[in-house]
Every structure is written in structure tokens, then in C-alpha cells.
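1. Let's see this in three dimensions:
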Amino acid sequence: MTPIEVTRSSIVLDPDRTHVLARPFRLMNDQRSVKISARVMALPESEVHRLLQEVRAEFADRQANLDRFLRRRFEDVCPFLLQGQTLSEERKLLLGGYFTHEYSLEAAALFNPSIVPHPDQSGIPPGFLRFILSLRATAEGHVSSIAFRSGVLDAGSTVTMDVASRYSIEPTQVPNSTYEKALFERKLGELRLMGDFNREVLLGLPNDFTIDELRSSIAHAQKQLPEAEQERVKSVGKETLMLAQSNYAVVFPPESEMSERVLFPVTPSQSNGIEDARFAAFHDDDGTLTYYATYTAYDGRMILPQLLETTDFLHFQFITLNGPAVENKGMAMFPRKLNGLYAMLGRQDAENIYVMFSDHLHFWHSMQLILEPKFPWEFIQLGNCGSPIETDAGWLVISHGVGPMRKYCIGAFLLDRDDPTKVIGRLPEPLLQPSARERDGYVPNVVYSCGSLVHGEQLVIPYGISDYATTFATMPLKQVLSAME
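-> Take a look at the predicted model:
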């Protein structure tokens, strides 16, 4: 293979234990919550004032808008208080503090990055590109969330990172989000949940319904059944509600910085992590730009491919993917429709690379094998490292291969621009493999990426170092394409 001039960046994004997020502290049972609330309620007002001042002194410089979060937590614990009690504002905040804890988002790792152009390119010099980097942040309990950073590529593709904020914040869920009944019914059908019980549930719903209306309709449909039947359909009702909870919208405060925004697991399907977001800047036929990211939701037992949607990185929509073609990890969307269809890469059998097409973004039924392991460095498995990149030569796909000693390397292949089921080029050797300084980490001997881009004449690959930290590599695009077999 013709040698490729790879330039590794000196920038390394190490996990930062000081990036802590205020999170609800949930106890094992309601009775303990009642006892704790009663103890706080018994404190004299002077002691409440003193304790709250201690909390503020210790945590206000670690949390943006600490009082606002404590007030929100107080609203959550209101059911554990005696009715009819009048509370001072300070006691409300102190109560919220007893049901809050800090979570160090990236205490274990900050890796598997994906890069896309920033939606705001104003105020930068000609030839420069402002970008957004998504990262997988992993911490206590091996729970993963999506963190963000931003930076600039200069005309020569040298990377400059913006200084990350001290703070980390979660978005708020958009209240009264509605669901389209026809689409929800189709999703239920895909999950084999569309029986007599859910037909009755849907009959009780308007064409656009909220999750509260769904919850009420499920309860009503259960009550209409004989007592023996109610127990039988309980699990169906639970799974139906879980499906709705997995489709939701959130919003960050507009004044928040990009590096402060964190998408933390909140639904049952995500309870053990949101993993490996692969962002694509998707250009629709009407000219609109939407950022989509496929990611893996993990509940500790089952993986569930899902989709994120945003236009501004402030408002995010979480969407379930359905169909037999999306039953494994590593999905990556093409950045535009092909012949009127959405297109996506995947690795449905945990070994080979497939391409799939669909007329609906949420449903994927068929797939076609396009690439199998061929070279020794990829004998164990192949996978994509993010959204295909459109070039004059074809669709450039950055890939990963796993070889002896479970060593992960980054490679590349080329798909026909008009028919991406055809592989027209392939690197016989890795583009990147772990260097001596990159071999040790949370998972040794791994380099891995979830999305790259072309800037000018350079291919820019952000990549994770042994599932621990993140860095960048750049190389001439022309050399990469010329080295294809």
C-alpha cells in the first residue's frame, strides 16, 4: 500500500473528574424518603438557613444554577411531605438538597468521538471550519452519556479546541410532547404489541396524544377486563408505556455553552447508558439541514439502536428505530437520501458490514451484505466508524477492524456514489492503529471513531484511545483514495 502521511494531533481530551452533574438522588423505597423529609421538616428555621448556606458554599461553584435544580428536586419530593404544611423557600431548597447528588460524568473515560460542522459558522476566517464534537462519557457503574465539545479547524485542518466550561447540565424534557397515533400504532406492530388490548388502548386516544393520555387509556382499558385478564395484560401495558417513554424531546437553555450540555440516560431502555453516537449532518431534498445520530441504548441486558434528531444542538428528539434490520450496534446514516430513500450502514451479524434503505426514517426492514473481513487485521470483525463521507470518487467510509489480541484498527473503504451496495475500493492496511502511547487505557489496544469529516483537502479523524481519551489525526484525502485497492 502506498504510504499515507498521517499527522497525529498533540491535543488529547482526557476524562475530567471535575465535570460533575447534579442528579436526582433516588432512595430504594418511599418510606425512607418520608423519614428523611420528616427530619428536615423538624429542623428550626435558623438551622435550615445555616445548612442551606453550607450547601451553597460547598456546591455553588460546581453547579450552574444550583438553587434552580434544588427547587426542582423539591417539587419531585412533595408527595413525601405532610399535606397542608407551609414551607419557607430555604426549607424547600434544603429538602431538594437531600434528594440530590453529584455524578462525575467522565470519571472513567471520554472517548468514541463524532465530528460534524457547527450550525453556526459566523465570525470565523475564510477557510476555517467551526465544528461540534460529540463524545461518549463514562463513569460510575459504567454508565455512558453523550457530552459535547466545540472547536475550529484552520485552513490547514489544524485543530483548536474551545475551552470547556466548568459546569455540566442536563436538558429539561419538553412538557406535553405529543405522539402521532398512526405512527405509534406502526411501532407497536413492529414490536408485536398490537393485540386486542392495545387496539382498545388506541381507540381511547386522539390522533395526537400525550404520554399522560396514553397512561390513562392503558389504565382504563385494563379496568374493562375481568380481574384475571388484568394481570395478563399488565406487561403489555408496561412495554407500551416504555415505547412512548423512549420517544421524547428535550431542550437545553439557550444561554448554555456547548460543552455544558449532557444527554444523560433517563428512560428505562437507556438505564445503563447511551453509547457511541454517530452524528451525520443530513441534507434533505428541500435543502433543510438536520443532524441525526444513531446511538445504542443499553439497559444492562439488552441493546436497542435508537436515533437522535436536532437542528441546533439545543433541542433534541429521541426516536426508537424499528424493524429487523436495526437489531444490532453500529448503525451510521448516509448524509442525504439516495434515489429517494434514506440509507444506513450497519453490522447486523456482529461481523460484516451491510447497507439498508428505507422510505421512513424510523423503520428498517431489509439489508444487503456489502463487505466481509478479508485482511488479517480485520479477521474478527468489521464495522463502520461513522457516517459515510461524500467525495468525487465515491462514498468514503471510515471503518474499524479487529484482529489478533482483540486489537482495534481504523481503516477505510469506498462505495459507489450512485449505488452504495458496490464496494469500489478498500485499504489493505489500517489507516490508524494504536501507537505506543495509545495502547493503554480502559480497554487496551483500541483506536475507534464514530464520525469523521473532510475539510479542504484533508481527512480529519477524531478517535478514541483505548476507550479512555480522545485525540485527532489528519491525512491528505487524495493519498487515502489513491491507496485504495
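2. where exactly do the strands run in the stretch 351-485 of the chain?
-> Taking DSSP state E, counting those that start in this stretch, the strands of the stretch 351-485 of the chain run over residues 353-358, 368-371, 381-384, 389-391, 394-402, 408-415, 423-426, 447-448, 453-455, 458-465, 469-476.
3. I'd say Pro388 and Val397 touch.
-> Yes. Between Pro388 and Val397 there is a contact at 4.9 Å, judged by CB atoms under 8 Å. In this view, the C-beta of every residue, glycine as well, is placed from N, C-alpha and C.
4. Which neighbours do these two have in common?
-> Residues touching both Pro388 and Val397 (CB atoms under 8 Å, 6 or more residues apart in numbering) are Leu345, Leu415.
5. hmm, back to that, of the strands of the stretch 351-485 of the chain, which is nearest Asp312?
-> strand 453-455 (18.9 Å; CB to CB).
6. Output the strands of the stretch 351-485 of the chain in JSON lines; the columns should cover mean pLDDT and mean neighbour count.
-> Converted to JSON lines, the strands of the stretch 351-485 of the chain look like this (pLDDT from 0 to 100; neighbours: other CB atoms under 10 Å):
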{"stretch": "strand 353-358", "mean pLDDT": "97", "mean neighbour count": "22"}
{"stretch": "strand 368-371", "mean pLDDT": "97", "mean neighbour count": "15"}
{"stretch": "strand 381-384", "mean pLDDT": "96", "mean neighbour count": "22"}
{"stretch": "strand 389-391", "mean pLDDT": "98", "mean neighbour count": "17"}
{"stretch": "strand 394-402", "mean pLDDT": "98", "mean neighbour count": "24"}
{"stretch": "strand 408-415", "mean pLDDT": "98", "mean neighbour count": "24"}
{"stretch": "strand 423-426", "mean pLDDT": "98", "mean neighbour count": "17"}
{"stretch": "strand 447-448", "mean pLDDT": "98", "mean neighbour count": "25"}
{"stretch": "strand 453-455", "mean pLDDT": "98", "mean neighbour count": "20"}
{"stretch": "strand 458-465", "mean pLDDT": "98", "mean neighbour count": "26"}
{"stretch": "strand 469-476", "mean pLDDT": "98", "mean neighbour count": "22"}
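7. Out of those strands, the one nearest Pro15 is which?
-> Shortest distance between Pro15 and those, using CB to CB, is found for strand 469-476: 6.7 Å.
8. So which residues make contact with that closest one?
-> Contacts of strand 469-476 (CB under 8 Å, 6+ apart): 4-9, 11-15, 109-113, 133, 135, 157-159, 431-432, 438, 441, 457-465.
9. For Leu321, see how far away the closest residue to Pro324 other than its chain neighbours is.
-> Once flanking residues are discounted, Pro324 sits nearest to His365: 6.1 Å by CB to CB, 6 or more residues apart in numbering. Distance of His365 to Leu321, given as CB to CB, to the nearest Å: 11 Å.
10. hang on, the earlier thing: let me know how buried the residue nearest to Pro324 is, in neighbour terms.
-> 14 (other CB atoms under 10 Å).
11. can you map out the strands along the stretch 101-250 of the chain?
-> Under DSSP E, counting those that start in this stretch, the stretch 101-250 of the chain gives strands at 109-117, 129-139, 143-153, 159-161, 172-173, 178-180, 208-210, 248-251.
12. Direction included, what does the helix or strand following the last one pair against?
-> For strand 248-251, the succeeding helix or strand toward the C-terminus, using DSSP states H and E, is strand 262-263. For strand 262-263, the paired strands and their directions (DSSP bridges) read strand 143-153 (antiparallel).
13. Okay, buried residues for the strand it pairs with please.
-> Val143, Ser144, Ser145, Ile146, Ala147, Phe148, Arg149, Ser150, Gly151, Val152, Leu153 (16 or more other CB atoms under 10 Å).
14. List just the nearest of the residues you listed to Asp299.
-> Closest approach between the buried residues of strand 143-153 and Asp299, by CB to CB: Val143, at 11.0 Å.
15. Name the nearest residue to the closest one, sequence neighbours excluded.
-> Val143 sits nearest to Gly273 (CB to CB, 6+ apart), 5.2 Å away.
16. Give me the pLDDT value at that neighbour.
-> Here the pLDDT value assigned to Gly273 is 84.
17. Please apply the same query to Leu243.
-> 88.
18. Let me know how buried it is, in neighbour terms.
-> 21.
19. Distance-wise, check it relative to Leu191.
-> Taken as CB to CB, the span from Leu243 to Leu191 is 7 Å.
20. give me the element Arg56 is part of.
-> helix 45-59.
21. buried sites along that helix?
-> Val48, Leu51, Leu52, Val55, Arg56, Phe59.
22. What is the nearest of the residues you listed to Leu304?
-> For these, the nearest to Leu304 is Phe59 (34.4 Å; CB to CB).
23. could you list every residue that touches that closest one?
-> Phe59 touches Leu66, Glu102, counting by CB under 8 Å, 6+ apart.
24. what's the answer for Leu129, then?
-> Leu129 touches Pro117, His118, Gln121, Val152, Leu153, His455, counting by CB under 8 Å, 6+ apart.
25. Now do the second one against Ala22, distance only.
-> According to CB to CB, His118 stands 27 Å off from Ala22.
26. The fifth one too?
-> Distance, Leu153 to Ala22, by CB to CB: 33 Å.
27. now, among the buried residues of strand 143-153, which is nearest to Asn247?
-> Minimum distance to Asn247 across the buried residues of strand 143-153 is 17.1 Å, recorded for Ile146 (CB to CB).
28. what's the pLDDT at the closest residue to the closest one other than its chain neighbours?
-> Spatial nearest neighbour of Ile146, excluding adjacent residues (CB to CB, 6+ apart): Leu263 at 4.1 Å. Leu263 is assigned 96 on the pLDDT scale.
29. what does the helix of greatest length in the chain rub up against?
-> Ordering each helix of the chain by length in residues (DSSP state H) puts helix 227-245 first. Residues from elsewhere that reach helix 227-245, judged by CB under 8 Å, 6+ apart: 179, 184, 187-188, 191, 193, 195, 197-198, 201, 211, 214-215, 218, 221-223, 225, 267-269, 320.
30. cutoff 7 Å now
-> 179, 187-188, 191, 193, 197-198, 201, 211, 214-215, 218, 222, 225, 267-269, 320 (CB atoms under 7 Å, 6 or more residues apart in numbering).
31. Pull out the buried residues from the residues you listed.
-> 179, 187-188, 193, 197-198, 201, 211, 214, 218, 222, 267, 269, 320.
32. where does the stretch 201-350 of the chain dip in pLDDT?
-> Scanning the stretch 201-350 of the chain for pLDDT under 70 picks out the ranges 300-302.
33. can you give me the helices in it?
-> 211-223, 227-245 (DSSP state H, counting those that start in this stretch).
34. which stretch among those comes nearest Gly383?
-> Comparing the helices of the stretch 201-350 of the chain by CB to CB, helix 227-245 comes nearest, at 27.4 Å.
35. tell me the angle that closest one makes with helix 211-223.
-> 160 degrees (axes from the mean of the first three to the mean of the last three CA atoms, to 10 degrees).
36. Buried residues, helix 227-245. List them.
-> Quick answer for helix 227-245 (16+ other CB under 10 Å): Val233, Val236, Gly237, Thr240, Leu243, Ala244, Gln245.
37. Dump those residues into CSV; add distance to Pro126 as well.
-> Below are these laid out as CSV (distance: CB to CB, whole Å):
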residue, distance to Pro126
Val233, 63
Val236, 59
Gly237, 58
Thr240, 53
Leu243, 48
Ala244, 47
Gln245, 46
